[in-house]
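Visitor: One predicted model, sequence on top.
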Amino acid sequence: MPLQNSTDRILTTHTGSLPRTPDLTALLVARDQGKPFDEQALRDETAAVLAHTVDAQLAAGIDVVNDGEVPRVGFSTYIRERLSGFGGTGHRKPTLDSVKFPEYAAFQARQIDEGAEFARVWDTPVAQGLLQYDEERAGIREDLDGFERELARNAEAGRTPAGTFISAATPGIVATTLLLDDANPHYADHREYVFALAEQLRVEYEEIVARGHVLQLDAPDLAMERVIHFGDASLDEFLAAVDLHVDALNHALRNIPKEQTRLHVCYGNWQGPHQDDVPVDVLLPHLYRAEVGSFSIPFGNPRHAHEFPAFRDLPLPPGAVLVPGVIDVTTNYLEHPQLVANRIVEAAEAVGDPTRIVAGTDCGLATFASYEFVASDVAWAKLGALVEGAEIASRRLFG
């Protein structure tokens, strides 16, 4: 069912990933690292966590729900399990936060349990061959089937969400995470690689939309990669890359109605200085080129909480909806519902129409298995604060 903005209250949603259990995390990481794991145990634990995740969203009062990205090891790296052509190991650049604040980098390193196993986030596979999406679409269909079974089970008990969404990686974030091997004979440069990804990812996008879900397009590359992949580039060079990535995304979306899409853009969900983040008013003209129905942008963190006024000077495209992040996903501080309400009201006043606002989170609460920064019980409490804050804001905005 497409995302519908409400005419009488503020709806709530989130950005995708939700807490996994330690057992599920261990199984997903083992598979990601190519180590032995119990396939039946993975199927059973995935099913159990998925059931809990859907139930918990509905119990919290979230209006537009998803599968929590439960079956995936990471929001972007999962795609290598669905496309052929990846192998070996690449090395992503460090963040500018780590380069400019070496004591911060050392502090972060001390927080890591040296004996723990982690998903491949910085040492990801690279594109070495011809990209080809799985003709059977087994991965995405299995994800959708599992999610829809849980929706049906809840519907039988009288629990039905206002809407549903499924997230998918964009060509740009895949290209800047699963890097192009310089020796790949099929793609001459970054541009060819990004458009090749767009054509293959189109298969997944159209499958999601055909099932009636909103397609959330995860594109942190349009902001975050300014401080990673394009950390050595000028701002103009980065913005040119943003335009290229949006062009590729539009190519992939050519058969999909706008109202069934939302674009998630973020600056990365790590708790760091973020001093080199691009201001939202600089990004918006480039983001608005995307052929999407709504924009999910973070404003719940200390670096970007002041930026709502940008929408007065740079209004949303006609008919578009804003999904402002009003919950920080990098800290275990629990937002007060009144603060959440204040942020929602400020967003509505900046946009000029509360019916064009759906309240959300800055990013996912568990973007990679093994890299969660918010405790599970706090994560669910944050979603509760989001719902309560939206109720307060609704009374203030709609009476």
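Guide: That came through fine.
Visitor: C-alpha only now, for contacts and for neighbours.
Guide: Noted.
Visitor: Run through the helices of the stretch 101-250 of the chain in chain order.
Guide: 102-110, 138-156, 171-177, 190-210, 235-252 (DSSP state H, counting those that start in this stretch).
Visitor: And the helix or strand bottoming out on mean pLDDT in the chain, what's buried?
Guide: Across the helices and strands of the chain, mean confidence by mean pLDDT, DSSP states H and E is lowest for helix 102-110: a mean of 90. Within helix 102-110, the residues that qualify as buried are A105, counting by 16 or more other C-alpha atoms under 10 Å.
Visitor: Stretch 106-123 now?
Guide: For stretch 106-123, a neighbour-count test (16+ other C-alpha under 10 Å) marks 118-121 as buried.
Visitor: again with stretch 196-214
Guide: 196-209, 212-214.
Visitor: In the protein, where is pLDDT below threshold?
Guide: 1-4, 114-116 (pLDDT under 70).
Visitor: Just want the most central residue of it.
Guide: D218 (4.4 Å; C-alpha atoms, centre = their mean).
Visitor: thinking again about what came up before, and of the helices of the stretch 101-250 of the chain, who's closest to H14?
Guide: Closest to H14 of the helices of the stretch 101-250 of the chain is helix 138-156 (C-alpha to C-alpha; 16.1 Å).
Visitor: quick revisit: show me the beta-bridge partners of the residue nearest to the centre of the chain.
Guide: Taking DSSP bridges, one obtains A169, H264 as the residues bridged to D218.
Visitor: so it touches P171, yeah?
Guide: No. Using C-alpha atoms under 8 Å, D218 is not in contact with P171; the gap is 9.4 Å.
Visitor: R80 is in contact with F86, correct?
Guide: Yes. Look at F86 against R80 with C-alpha under 8 Å: they come within range, at 6.4 Å.
Visitor: Just give the number of residues close to N255.
Guide: N255: 12 surrounding residues under other C-alpha atoms under 10 Å.
Visitor: ok, it - contacts?
Guide: E206 (C-alpha atoms under 8 Å, 6 or more residues apart in numbering).
Visitor: same deal with the one 3 residues further on?
Guide: Shown here is K258, whose contacts under the criterion C-alpha under 8 Å, 6+ apart are 291-293.
Visitor: Quick one: those residues as TSV, columns for neighbour count too.
Guide: What follows is the contacts of K258, written out as TSV (neighbours: other C-alpha atoms under 10 Å):
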residue	neighbour count
E291	23
V292	25
G293	20
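Visitor: contacting residues around the closest residue to I173 other than its chain neighbours?
Guide: What sits nearest to I173 in space, not counting adjacent residues and going by C-alpha to C-alpha, 6 or more residues apart in numbering, is D221, at 5.0 Å. D221 is in contact with 172-173, 176, 242, 265-266, counting by C-alpha under 8 Å, 6+ apart.
Visitor: Strands of the chain, start to end?
Guide: Taking DSSP state E as the test, the strands found in the chain are 11-12, 64-65, 83-87, 126-133, 163-169, 214-218, 261-264, 294-298, 321-325, 358-359.
Visitor: Can you tell me which of the buried residues of stretch 106-123 is nearest P102?
Guide: V121 (20.1 Å).
Visitor: Show the contacting residues for the closest one.
Guide: 77, 177, 368.
Visitor: And it, its phi and psi?
Guide: phi -110, psi -40 (degrees, to the nearest 10).
Visitor: do you know how far it is from A152?
Guide: Per C-alpha to C-alpha, to the nearest Å, V121 is found 34 Å from A152.
Visitor: closest one to V70 among the helices of the stretch 101-250 of the chain?
Guide: When the helices of the stretch 101-250 of the chain are compared (using C-alpha to C-alpha), the closest one is helix 138-156, at 8.9 Å.
Visitor: Remind me what the closest one packs against, helices and strands.
Guide: The contact analysis (3 or more C-alpha pairs under 8 Å, 6 or more residues apart in numbering; DSSP states H and E) places helix 138-156 against helix 39-60, helix 190-210.
Visitor: Turn these into a markdown table, columns for distance to D377.
Guide: Putting those into a markdown table (distance: least, C-alpha to C-alpha, whole Å) gives the following:
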| stretch | distance to D377 |
| --- | --- |
| helix 39-60 | 11 |
| helix 190-210 | 30 |
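Visitor: Quick one: closest of these to V378.
Guide: helix 39-60 (12.8 Å).
Visitor: what residues are up against the nearest residue to D32 once chain neighbours are set aside?
Guide: Setting aside the residues directly before and after it, D32 is nearest to A119 in space (C-alpha to C-alpha, 6+ apart), at 6.4 Å. Going by C-alpha under 8 Å, 6+ apart, A119 touches 29, 32-33, 73-74, 368-371.
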